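K.L.:
Sequence below, structure please.
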Amino acid sequence: MKYEIGDFVSKSYTGICRVEDVLHLDINGAKSDKLYYLLIPIDSRTDKIYVPVSATDMNLRLCMTSEEAWEFIKRIPEIEATWISNEKMREQKYKEIIKSNNPEALVSVIKMIYQRKKERVEQGKKGTAADEKYFQMAEKLLHAELGVALGKSKQEICQLITDYIEKKVEY
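P.N.:
Next comes the predicted model:
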């Protein structure tokens, strides 16, 4: 098996979960032949997610370690913003990036949306609802993973990234 009980994994859309168990589901009184990971999202201790062990490549990845998280934070300033001019393609690309669950792609979309919002404000326009929705989703996923890796809250992670980018701190 790829993951062990106690591992923290990142799941597309859901975010960070802890592997609580590996089990066969009891469906209508009969045990399934398939093995499942029982995942508990860190944001909701009451939710339970069952993911087939055989399908984890598409849905899950192991969270960053503390060392990987620091290295990732150091690379954030170098990550290019994804720029999508076509309005119709933009939301589709946002969905793909959230689904990909790739931290670098999340940073690139966060940067793009931030730049777009800044430009729109300079033009006297508001940010779009889609931009705001996907900005929050990407930021939540990224901050949750870095928070678990570094043992910090999402708010602390946000401040830490800002401070690092503005060169207020060195790591």
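K.L.:
What is the least confident helix or strand in the protein?
P.N.:
Averaged element by element with mean pLDDT, DSSP states H and E, the chain has its least confident helix or strand at helix 56-59 (a mean of 70).
K.L.:
what's downstream of that helix, the next helix or strand?
P.N.:
Under the assignment DSSP states H and E, the closest C-terminal helix or strand after helix 56-59 is strand 60-62.
K.L.:
I'd like to know which elements that next one is packed against.
P.N.:
Packing partners of strand 60-62 (3 or more C-beta pairs under 8 Å, 6 or more residues apart in numbering; DSSP states H and E): strand 8-11. Backbone N, C-alpha and C define where each C-beta goes, glycine included.
K.L.:
List the neighbouring strands of the next helix-or-strand element following the strand it packs on plus their orientation.
P.N.:
Downstream of strand 8-11, the next assigned helix or strand under DSSP H and E is strand 15-27. Applying DSSP bridges, strand 15-27 is found paired with strand 8-11 (antiparallel), strand 30-41 (antiparallel).
K.L.:
name the element the residue nearest in space to the middle of the chain belongs to?
P.N.:
In the chain, the centroid-proximal residue (C-alpha atoms, centre = their mean) is Leu141; its distance is 2.7 Å. Leu141 belongs to helix 129-150 when assigned by DSSP H and E.
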